[in-house]
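# whatever this is, show me its structure:
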Amino acid sequence: IQKYVKAGALVELESLAHQCGATDFLTFRKDSIPIWKLGSGDGKLYTWESDSPQIALSSDVRVRSDVLEAAGWPQVLTEDEWINLLKIGMEKFPTVNGQPTVGMTFCGAESFGVQGIMPIMYEKGGYTALGGNGAVIYNNKEDKYEDYFLNKYVKSSFRFFNRLYREGLLDTECFSDLTQQTTEKTTSGRALSVWYYDAGCQTANQSFREAGTSEMEYVWMPVMSQDQIDAGEDRCFREMQSYIWSSYAITKNCKSPERVMEVLNYTSTDEGQLLIGSGVEGVHYTVGSDGIRTPAEDYIKKVKEDGTYAYKQGVNAFPFLGTAGIMDSSDQYYQMYRNETYKSALLSDRAKEVYSHYGWEGESDMWYKNDRFGITMVKSGVVNSQTLDPTSAEGKLAQQMIDYRNKAAVQLAMAEDFDATYAELVEGYKKLNPETVVDAFNKLYEENKAAVK
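As a prediction, this is how the structure comes out:
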């Protein structure tokens, strides 16, 4: 964002909104606009965001449900429990359609792979991903940033991958796989589990149902590191006032910026948000006498038949128009897929059967009805809008820290002696003087909190 601003390539939005009389845009976004301005570097408004604000949960592990069944529906949460489950899975299901199965995989070669989702065990207890996946992590208990690579639960994540690798459960191709390759492994059923990212599992489930092998359907199950459980950590979910990673702007070469603002103004109303988030009343949903929106039966039927149907219909398919992941005045989400009425209607018979063995009615219950940990909601405020000038000394060093961590992640996953390798890598990492970047983030954070307040 700052590079575009410095290049003079973006239209300043606040002035444009006043010029166009876009009062709905300015009113609906009033809590987010001061935070959005922080990303620009000059205090002006150039961007808006999708799914902002939003209640953001997290993702854990997708696992083939027949593996759970073959293991006798065990409790699955800790590293040990996952490793034991996948060992049983590899023993019971060594192949599928003549191809060898893999215990756990993920799309490590994506930009969010090794950098973002491989170390993200920290998000499973005690922390959130509010600080992004850069050089620092946000500590909500102490309201400050700390070093990402040196975080104890990031170490837990690397250790878990190392254990999977040494047990022969980790897909050795995962670090070079993009989403396409991971999706191929889920749609064929070769992957017994997938770390964090869905990667075609919904499409795979539809194929399994059509083929009469619904017992193979993937379901979400929770994961935490043992040290998070021992420390009594809560799962921390984000109430995000900003989602800077999904920012949009109008460039100076736009033919009619006023028309763009006119659309943004419309999508900043209840009517506009409902249209882009839930579709057309009577077609995609109905409204009962109690005011509750329920997905239309025919719509749900077609979504179950075709995992891309909602997108083809335009429901929640236009994030660049500024979708909001929050509730309206009736305590229902504008985005249909977030409401329990939709989740319940879409849940397959197989998923219902699986979750019944754990006393759950739906996917969210694995967090909200799990007696092995508590839940803490964390408001983001300006946390995830902290961006160092990429041309500054600290900004350049932050990128070096990320690059170092990315290389170290793969080494740690495949290390013969994890503790020794970790100690050696930490020693090399500290020579970068990473504390200067952490200090810079905390200084900027205090300045931005004061500015917004």
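
# was I right to think F441 contacts S385?
No. Under the criterion of CB atoms under 8 Å, F441 makes no contact with S385, lying 11.5 Å away. To be clear about C-beta, it is placed using only N, CA and C from the backbone, and glycine gets the same treatment.

# ok, those two, which is more surrounded?
When F441 is set against S385 and neighbours are counted by other CB atoms under 10 Å, the residue ahead is S385, at 27 against 24.

# that one and Y243: what is the separation?
Distance of S385 to Y243, given as CB to CB, to the nearest Å: 9 Å.

# again, but for H357
35 Å.

# ok, now I250?
When I250 is compared with Y243 (using CB to CB), they lie 18 Å apart.

# who's more crowded, these two?
Neighbours per residue, other CB under 10 Å: of I250 and Y243, the larger number sits with Y243, 24 against 21.

# how many neighbours does G381 have?
Taking other CB under 10 Å as the neighbour definition, G381 ends up with a count of 19.

# what is the neighbour count of the closest residue to it other than its chain neighbours?
In space, not counting the residues next to it along the chain, G381 is nearest to Q241; the distance is 6.2 Å by CB to CB, 6 or more residues apart in numbering. A count of neighbours around Q241, defined by other CB under 10 Å, yields 23.

# with G125 instead?
Look at G125: counted by other CB under 10 Å, it has 22 neighbours.

# these two touch, right, it and Q226?
No. Here G125 does not reach Q226: they are 10.2 Å apart, not a contact under CB under 8 Å.

# can you find the helix or strand of this protein with the lowest average pLDDT?
When the helices and strands of the chain are compared on mean pLDDT, DSSP states H and E, strand 54-56 comes out lowest with a mean of 80.

# which strands and helices lie in contact with that strand?
In terms of contacts (3 or more CB pairs under 8 Å, 6 or more residues apart in numbering; DSSP states H and E), strand 54-56 is packed against strand 235-240.

# the very next helix or strand once past the least confident helix or strand of the chain pairs with which strands, parallel or anti?
The first helix or strand that comes after strand 54-56 along the chain, using DSSP states H and E, is strand 61-64. Next to strand 61-64 in the sheet, as set by DSSP bridges, lie strand 193-195 (antiparallel), strand 218-221 (antiparallel).

# mind listing what's buried along strand 61-64?
Applying a neighbour-count criterion of 16 or more other CB atoms under 10 Å, the buried positions in strand 61-64 are V61, R62, V63, R64.

# so what sits opposite the third one in the bridge?
Spelled out, it's V63. Listed beta-bridge partners, V63: S193, V219 (assigned using DSSP bridges).

# give the contact list for it.
Applying CB atoms under 8 Å, 6 or more residues apart in numbering, one finds that V63 lies in contact with V76, L85, L192, S193, V194, Y218, V219, M221.

# how close does it sit to A191?
9 Å.

# the second one now?
Taking CB to CB as the measure, R62 and A191 are separated by 8 Å.

# ok, now G272?
If you measure G272 against A191 using CB to CB, the figure is 39 Å.

# also Y197?
Y197 sits 11 Å away from A191, taking CB to CB as the criterion.

# neighbour count winner among these two?
Counting neighbours by other CB under 10 Å for Y197 and for A191 shows that A191 has the greater number, 30 against 20.

# before we move on, back to that, residues shared between the contacts of Y197 and A191?
Contact criterion CB under 8 Å, 6+ apart; residues shared by Y197 and A191: T182.

# doesn't P319 make contact with Y311?
No. The pair formed by Y311 and P319 falls short of the contact definition of CB under 8 Å, at 11.0 Å.

# list the buried ones in stretch 360-372?
Neighbour-count burial for stretch 360-372 flags W360, G362, E363, M366, W367, N370 (criterion: 16+ other CB under 10 Å).

# quick one, strands of the stretch 351-453 of the chain?
In order along the chain, the stretch 351-453 of the chain carries the following strands (DSSP state E, counting those that start in this stretch): 375-379.

# where are the low-confidence patches of it?
Segments of the stretch 351-453 of the chain classed as low confidence (criterion: pLDDT under 70) are not present in this model.

# L150 versus the nearest residue to L388 once chain neighbours are set aside, what's the distance?
Beyond its immediate neighbours in the sequence, the residue positioned closest to L388 (CB to CB, 6+ apart) is G395, lying 4.2 Å away. Summarising the geometry, the distance separating G395 from L150, computed by CB to CB, is 20 Å.

# Q399 now?
Remark: distance between Q399 and L150 (CB to CB) = 17 Å.

# repeat for Y196
From Y196 across to L150, the span is 22 Å (CB to CB).

# of the two, which one has the most company?
Neighbours per residue, other CB under 10 Å: of Y196 and L150, the larger number sits with Y196, 22 against 16.

# and that one, how far from F112?
Using CB to CB, one obtains 9 Å as the distance from Y196 to F112.

# could you do V263 as well?
With distances defined as CB to CB, the gap from V263 to F112 amounts to 29 Å.

# over to A296?
Taking CB to CB as the measure, A296 and F112 are separated by 34 Å.

# ditto for E297
The gap separating E297 from F112 is 36 Å, by CB to CB.

# buried residues in stretch 29-36?
Of all the residues in stretch 29-36, those buried under the rule 16+ other CB under 10 Å are R29, S32, I33, P34, I35, W36.

# how about the first one, what does it touch?
This means R29. When the contact criterion is CB under 8 Å, 6+ apart, the partners of R29 are W36, W48, S268, G322.

# contact partners of stretch 200-218?
Counting contacts by CB under 8 Å, 6+ apart, the residues touching stretch 200-218 from outside are 62-66, 69, 179, 182-184, 186-189, 194, 304-307, 348-351, 354.

# which non-adjacent residue is nearest L164?
Taking CB to CB, 6+ apart, and ignoring the residues beside it in sequence, L164 has L170 as its nearest neighbour in space, at 3.9 Å.

# cool, G428 as well?
Of all residues not flanking G428 in the chain, Y404 sits nearest, at 7.6 Å (CB to CB, 6+ apart).

# again, but for Q400
The shortest distance from Q400 to any residue other than its chain neighbours is 6.0 Å, reached at L432 (CB to CB, 6+ apart).

# L347 too?
Nearest in space to L347, with sequence neighbours left out and distances taken as CB to CB, 6+ apart, is G362 at 5.9 Å.

# gap between the one you found and V63?
Relative to V63, G362 is positioned 16 Å away (criterion: CB to CB).

# do E12 as well
48 Å.

# coming back round to it: do you know the pLDDT at the residue nearest to G381?
Confidence at Q241, expressed as pLDDT, is 80.

# list the contacts of it.
With the criterion set at CB under 8 Å, 6+ apart, Q241 makes contact with D31, S32, I35, S52, P53, K379, S380, G381, V382.

# could I get the residues you listed in TSV, plus columns for distance to A22?
Formatted as TSV, the entries for those read as follows, by distance: CB to CB, whole Å:
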residue	distance to A22
D31	17
S32	15
I35	19
S52	17
P53	19
K379	27
S380	25
G381	25
V382	24
